[in-house]
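K.L.:
the amino acid sequence is not available; the structure is as follows:
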């Protein structure tokens, strides 16, 4: 080991300043018994010599790592990067650190991420599930050890784990009802894996709104894909090739909705006159596409802050985690030109 | 401490299975001397009892935390979330963990983030600088201790720290030359804080392209702001109120370019006929705005992967960090309708 890598100890600082190690230790902790000048000298020497406070080792003694783990499907989505930014803010202010990993939408990677988080002794874990996760056995070790586990957005209902999400059912019900009010009679719905609460609930909301408004459900109008931009492009062709085309499309995210709109515009479909469109998430792109996209606004940053606050309040103030079973955040229907059929404008 | 929180040790597993702790220890490490059935029993008991391998404590003994720290200006930008996703992939595959924090574009917060990373003994640190960072004294402690420090995108030139970035000067030179070729004679430039290499270099490329093409530089056409959507809206008004309006605008990021275009479109400016537009980053929104935005494509994901690989190769294979002083990644001019003036289409 080179000199450079040798750890500076309080004994080295004591030696250099010709004072006792106990004085150095107290000085670094800002103990009132040490006079101001001595403290100054100690801090200056510590900085100059590259002393590192022992948070790592002392956390080990305290059986606390001061680390919160986060596992998300993908880090590079507009919604998820907002969530992460909100989590980071709250966690950092509480002097905790964030371990972040992505499952890349694969249960297999999620299992291995969870194991790494467990072995690194995170104090708590926050999870939004991968596309194909079918059970949560890989999180049982956390629950068994009493390590707090909080689900957000793509949740799993478990009596010991709080969940933070929006009312996906109601949001989808509202947006579908809005399309019906605008005169749509054949509304297609594009959604994701129905294992995930967010997509299953949106599909349920869509179907219930049809039923309550006496619009028959036609299963050729229900498309389940991975909600990517590519999938939106394919869905456009599929819908335009139907014997009877839809007059409205509700897509479970904005990325897929926008690529679907772009593909239809290229085939001279007039939006909203021929086909009205609605998305979900209020991504920044939704107010750049022309016509601007009707969507559900749903604040990722707030969701991140809220989920992190529940975690931190539990860890710092010993708040009962089971007090909160579900925390349902507000979402809002944003009506824009993509769904306002001409004849229906009032 | 409740029972639930008591740490399970190899002695507990040994007791339960009525074998020696040494056998348990070897079994957990997949030692060839232990037979397959015993290994199976040990692993099953370890899982059932919630045993956590000692990576945390053993890392402390090895003086390695297996943690890479990352400090970025903001987690919720399209470009930065791509970078982070690329970093996470490489770091995770190498069995390292990521500590992630954001400076929120403030040097003050960057200083405190750096201190937390240092005290948590990250094995390496990757940084993209905040908007207003004026020196890097807060990173000297890493350099002094030989903890690898890698800058990416918004870099600081330091002989001991590799930097990964694109040739911002050349990209800006090319995009400005393209606007001139399209017939623009009064090209405005909107950029960010000139303390940051990325913005200073883009401004320098813009000015040199004007000079080389004998287009006079007019300082009323150079706007320095924070490159936010709000700033783009304000810049539009500022430019439209000039005694002689520009006929081209090159903006140092797409977010600001797009909001500036939207504000001008509302005032019936025809793009590109009245004013041509070019941005920087190739955000997804750049091919949704109408007309689609000419921009510089610059792969955040690749930048993240590359920076992380330099770090991991140094930590795992002991690659010499100073071997790479600068790694300049490819960028590409993407010409779209926003800059193709009608008369100049060929």
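P.N.:
Received it, and whenever you're ready, just let me know what you need. These numbers come from a predicted model, not from an experiment.
K.L.:
touching chain B at all, stretch A:296-312?
P.N.:
Yes. Contact of stretch A:296-312 with chain B (CB under 8 Å from any CB of the partner chain) involves A:300, A:301. Glycine gets a C-beta too; all of them are placed from N, C-alpha and C.
K.L.:
err, stretch A:33-50, not the other one
P.N.:
Yes. Using CB under 8 Å from any CB, stretch A:33-50 reaches chain B at A:47, A:50.
K.L.:
what lies in contact with that stretch?
P.N.:
Stretch A:33-50 is contacted by residues A:8, A:12-13, A:16-17, A:19, A:23-24, A:26-28, A:30, A:51, B:141, B:144-145 when judged by CB atoms under 8 Å, 6 or more residues apart in numbering or on different chains.
K.L.:
what's the longest helix in chain A?
P.N.:
Criterion DSSP state H: the longest helix present in chain A is helix A:300-317.
K.L.:
where does pLDDT dip in chain A?
P.N.:
A:1-6, A:53-63, A:342-346 (pLDDT under 70).
K.L.:
just give me the closest of the contacts of stretch A:33-50 to residue A:75.
P.N.:
For those, the closest approach to residue A:75 (CB to CB) belongs to residue B:141, at 28.1 Å.
K.L.:
ok, now which ones touch the closest one?
P.N.:
Per CB under 8 Å, 6+ apart, neighbours of residue B:141: A:47, A:50, B:114, B:118.
K.L.:
and for the first one, the neighbour number?
P.N.:
What that stands for is residue A:47. Neighbour count of residue A:47, defined by other CB atoms under 10 Å in any protein chain shown: 12.
K.L.:
by contact count, what packs against the longest helix of chain A?
P.N.:
helix A:78-93, strand A:124-127, strand A:149-152, strand A:163-166, strand A:326-329 (3 or more CB pairs under 8 Å, 6 or more residues apart in numbering or on different chains; DSSP states H and E).
K.L.:
so how far is the first one from its chain's centroid?
P.N.:
When C-alpha coordinates are averaged (CA atoms, centre = their mean, to the nearest Å), helix A:78-93 and its chain have centres 8 Å apart.
K.L.:
check which residues of it are buried.
P.N.:
A:78-92 (16 or more other CB atoms under 10 Å in any protein chain shown).
K.L.:
can you sort out which of the residues you listed also neighbour chain B?
P.N.:
A:78, A:80, A:81, A:82, A:84, A:85, A:88, A:89, A:92.
K.L.:
ok, so of those, who is nearest residue A:110?
P.N.:
Checking those against residue A:110 with CB to CB, the nearest one is residue A:80 at 14.4 Å.
K.L.:
from what I can see that closest one touches residue A:74, true?
P.N.:
Yes. Taking contacts as CB atoms under 8 Å, residue A:80 lies within contact range of residue A:74: 6.1 Å.
K.L.:
give me the element residue A:42 is part of.
P.N.:
Assessed by DSSP states H and E, residue A:42 sits inside helix A:36-49.
K.L.:
domains in chain A, by residue range?
P.N.:
Following automatic domain parsing, one finds the domains of chain A at A:3-53, A:65-166+A:300-329, A:168-298+A:333-344.
K.L.:
export these as TSV, with columns for distance to residue B:236.
P.N.:
Output for the domains of chain A, formatted as TSV (distance: least, CB to CB, whole Å):
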stretch	distance to residue B:236
domain A:3-53	47
domain A:65-166+A:300-329	24
domain A:168-298+A:333-344	15
